[in-house]
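> prediction below, plus the sequence it came from.
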Amino acid sequence: MQFARLLGLSDTARKKFFEAHGVNTEDAKDRFAERDKRWHQNLENAVFQKHLRFFDAMSLWSGDERLSFQFSDWDPHKQQNPQAARKVGKQCFGFAKSLLTDNFNVALIGEPGVGKTSLALAMLDTVHKAKRTTMFVSTMELALLFDQSIQYRELEGRINDIMTAMKRVDVLLLDDFGTEGGMKKDPRPVRKDMQDALYSVVNARLAVDKKTGKRTKSTIVTTNNSPQQLLAMYNDKLISRLIPKEQEQIVLFDGLEDVR
Ligand SMILES: Nc1ncnc2c1ncn2[C@@H]1O[C@H](COP(=O)(O)OP(=O)(O)OP(=O)(O)O)[C@@H](O)[C@H]1O
Ligand SMILES: [Mg+2]
């Protein structure tokens, strides 16, 4: 009955009514605003968690072993040349910070065991903590899936799902890109269906937001191969869209040794 009467009152009359009943309306307004804010935050968080689970399920780890690494785990003294290790660590940290607001491609190039995957994972960890979605794709595992799909046609559906996720995720890590092309000294062209699928992924990831004109996706690539070797494995259109041409977007792990 009281509520029904309240509905018909003007704002001023309602305020008077509340005050007459000892309710501080300013206080209540703040409390409602705070409650709404919390509700929105919870909703955003729930949506983000759902996306996380999706990209997590679509990630392809090498041998199904999930990896994690943070910048605080990076120890320059693991290397004979700690200065060189500190330099690549700083470069990757800088990129990770930029990836919170900007989108671009980065390539981490170097010999095996020098820490490329580790620093790339640390970059993913940083952007993930800032609530951007991330996905890890071992290129070798992806190539295996393509190989197996010849015999097991049902894998085609999984490959399509992975490709869709690779197009949509905010920050994609394409790990060990180029190992699927065989020996470094004698790189071979990668199977056509995988080339075509990857081309459509890297192309989609260059999309720009119509309003801001800025890119919306970033891709991190780790590789043992030089861009020239990658060109012997993949179509040049794919490589030119994936591997940055600007030297400042390439982290060279020169002067570092295998610490595996
Ligand atoms: N500076 C470092 N501090 C701490 N751990 C390191 C460092 N460098 C390498 N490692 C460790 O050494 C191992 C090999 O590193 P990682 O897998 O990152 O090398 P990679 O360059 O990706 O090698 P590959 O080309 O064979 O994939 C990992 O267990 C990694 O965590
Ligand atoms: Mg690696």
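That came through, no problem. Ligands and ions are numbered 1, 2, ... in the order given.
> strands of the stretch 51-200 of the chain, start to end?
Using DSSP state E, counting those that start in this stretch, the strands of the stretch 51-200 of the chain run over 105-109, 134-138, 171-175.
> would you list the ones you listed in a markdown table and tack on distance to residue 82 and mean pLDDT?
C-beta here means a position set from N, CA and C on the backbone, and glycine is covered the same way. Below are the strands of the stretch 51-200 of the chain laid out as a markdown table (distance: least, CB to CB, whole Å; pLDDT from 0 to 100):
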| stretch | distance to residue 82 | mean pLDDT |
| --- | --- | --- |
| strand 105-109 | 18 | 98 |
| strand 134-138 | 27 | 97 |
| strand 171-175 | 25 | 98 |
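> would you list those in CSV and tack on mean neighbour count?
Output for the strands of the stretch 51-200 of the chain, formatted as CSV (neighbours: other CB atoms under 10 Å):
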stretch, mean neighbour count
strand 105-109, 24
strand 134-138, 24
strand 171-175, 25
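> now render those strands as JSON lines, adding distance to ligand 1.
Listed next are these as JSON lines, based on distance: least, CB to the nearest ligand atom, whole Å:
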{"stretch": "strand 105-109", "distance to ligand 1": "8"}
{"stretch": "strand 134-138", "distance to ligand 1": "9"}
{"stretch": "strand 171-175", "distance to ligand 1": "7"}
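> looking at those strands, spot the one closest to residue 252.
Between residue 252 and those, the tightest spacing by CB to CB is seen for strand 105-109, at 5.6 Å.
> picking that back up, mind putting the strands of the stretch 51-200 of the chain in a markdown table, distance to residue 42 included?
Shown next, in a markdown table, are the strands of the stretch 51-200 of the chain (distance: least, CB to CB, whole Å):
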| stretch | distance to residue 42 |
| --- | --- |
| strand 105-109 | 33 |
| strand 134-138 | 22 |
| strand 171-175 | 24 |
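> of these, which approaches residue 51 most closely?
strand 134-138 (10.1 Å).
> just the C-alphas of that closest one, formatted as CSV.
Output of strand 134-138 as CSV, limited to C-alpha atoms (Å, rounded to 0.1, in the frame of the first residue of the first chain):
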residue,chain,number,x,y,z
THR,A,134,45.1,-14.4,-25.0
MET,A,135,45.7,-17.7,-26.8
PHE,A,136,48.7,-19.9,-27.2
VAL,A,137,49.2,-21.9,-30.4
SER,A,138,52.1,-24.3,-30.9
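> many thanks, we can stop here.
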